Each structure stands twice: as structure tokens, then as C-alpha cells.
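**Q** With the sequence up front, the predicted model follows.
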Amino acid sequence: MQMVDTIVAITETDIATEFVVQGDNIFVKSSVLEEAGLIENMAQTCSAVVGQFYFSASNPTPNVIGYIGAIRSLDIVELPQVGQTVTSRARLVSKMDMGDFSMSTLECEARAGDGLLAKANMNLFIKEMPK
């Protein structure tokens, strides 16, 4: 399920995204986005900053797949309600390219307005698949 609506800003190392919590989201229970949904939103934000390197004019639709390798120091402060906009930011800390795949470490946080929802460090594994 897509957990990012808009990429607000992106550079080679940083990204900001927005996501409006909808009532029909599979991670919503009792009008609240559950922990797994908040983590998935942050992971998709992280994967966008790393995944951008696989796109080019000669390869506008790469066949890539990504996995969360590890989540470290996860701190969930509050869960967003249906209708709230979650703004997630991630910063690429390190990236190791190994041919058709890469391993990356990112710092990320999610906020609703000025309030911190969650923060974490994530390791992502992204692999380019044959077409």
C-alpha cells in the first residue's frame, strides 16, 4: 500500500514527504494509524531518497524492490488520527553500492503539525531486479 502522497522536497541526501491518513487505510484501527503504518510511511519516505538513484532518462521505470534491513532506536511518541497529515523527513547517513543492490542507513522522523510522532534509524536494502 502506498503510504506517501506527495514528495515535498528531495535532494541526494534528504527528503520530505506528506501523507494524509485515510479511514480506509489497512493500518487504521479505530480512526488511528497504527504503529506499523507509521513505520511503513517512514520506510517509504526513506526508500524514495535512496531509490531515486535507480531512475534515469534511459531507465524511467526501473524494476527495483526494497526491504527494511533493520530498524534501530525506534521511538513512537504519538499516533496520528484519520484526517491528519503526516510529514516525514529522512536523511541519508550512509550508502554502499554493490552492483545491482545497495545498503543504506537513514535517520527519519514523522510529525503531525509541530508534534513529533516518531523517529528512527533504518537500514534499507534495495535491489535492482531483471526486467
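**A** Now that the structure is in, tell me what you want to look at.

**Q** Could you measure from the residue of the chain most remote from its centre over to Met129?
**A** Farthest-out residue of the chain from its mean C-alpha position, per Cα atoms, centre = their mean: Ser58, at 25.2 Å. Counting by Cβ to Cβ, to the nearest Å, the separation of Ser58 from Met129 is 17 Å. For the C-beta atoms, the positions are set from N, CA and C on the backbone; glycine is no exception.

**Q** Now the residue farthest from the centre of the chain, what are its backbone angles?
**A** Backbone torsions for Ser58, taken as degrees, to the nearest 10, come to phi -80, psi -10.

**Q** what's near enough to touch it?
**A** Taking Cβ atoms under 8 Å, 6 or more residues apart in numbering, we find Ser58 in contact with no residue.

**Q** Give me the below-cutoff pLDDT ranges for the chain.
**A** 56 (pLDDT under 70).

**Q** For the closest residue to Ser31 other than its chain neighbours, the count of nearby residues, please.
**A** Spatial nearest neighbour of Ser31, excluding adjacent residues (Cβ to Cβ, 6 or more residues apart in numbering): Val82 at 4.6 Å. Neighbourhood size, Val82 [other Cβ atoms under 10 Å]: 15.

**Q** Val28 is in contact with Val82, correct?
**A** Yes: if you go by Cβ atoms under 8 Å, Val82 and Val28 touch, sitting 6.2 Å apart.

**Q** between these two, what contacts are shared?
**A** Val21, Gln22.

**Q** all helices of this structure, in order?
**A** Applying DSSP state H to the chain gives helices spanning 35-51.

**Q** And the nearest residue to Ala36 once chain neighbours are set aside, how far from Lys127?
**A** Of all residues not flanking Ala36 in the chain, Phe27 sits nearest, at 5.6 Å (Cβ to Cβ, 6+ apart). Distance, Phe27 to Lys127, using Cβ to Cβ: 25 Å.

**Q** and what of Gly113?
**A** In terms of Cβ to Cβ, Gly113 sits 36 Å off from Lys127.
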